[in-house]
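1. fold the following and give me the result.
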Amino acid sequence: MQAYKLNATIDESGHLIIDEPLNIAPGKVEVIILQPVPSLENFTESQPEKPKRQTKIKALQSWFEKTQPTPSDFDPDQARWEALKEKHNL
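-> Have a look, this model is predicted:
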C-alpha cells in the first residue's frame with residue numbers, strides 16, 4: 001500500500017478539506033487522521049505524578065523518568081513484526 005502525507009483541515013461542518021492537490025489513481029483508499037496534540041507544557045501541572053521506575057544503572061534513571069511505562073496490552077512480538085514489515089516494505 002502506498003502512503004501519502006498531506007496537510008488538511010476539518011471545517012466547522014466536519015468535512016475534511018485537503019490543502020493540496022493529490023495525483024493518485026481513482027479507487028478506494030484508507031484514511032488515517034492524526035490530530036496534533038497540545039504541547040506537554042500545558043499539561044505538566046494537571047497530570048498526576050507518575051510512579052518512579054527504579055534501576056540499578058544510574059545513567060538510565062533520568063531516561064526512565066522521562067519515558068512512559070509500556071501499556072499492559074503491549075505485545076513485543078507484534079512490535080518487532082511491524083518494525084520488520086516497515087523496514088523491508090512488506
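
2. list the contacts of Q61.
-> Neighbour list for Q61: 54-55 [criterion: C-beta atoms under 8 Å, 6 or more residues apart in numbering]. C-betas here are computed from N, CA, C, even on glycine.

3. what helix or strand is it located in?
-> Using DSSP states H and E, Q61 maps to helix 58-66.

4. all the strands of the chain, in order from the start?
-> Assigned by DSSP state E, the strands in the chain fall at 8-10, 16-18.

5. now tabulate those in CSV and tack on mean neighbour count and mean pLDDT.
-> CSV is the format used below for those (neighbours: other C-beta atoms under 10 Å; pLDDT from 0 to 100):
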stretch, mean neighbour count, mean pLDDT
strand 8-10, 10, 88
strand 16-18, 10, 89
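
6. relative to L84, which of the ones you listed is closest?
-> The minimum distance between L84 and the strands of the chain falls on strand 8-10, with 30.4 Å, by C-beta to C-beta.
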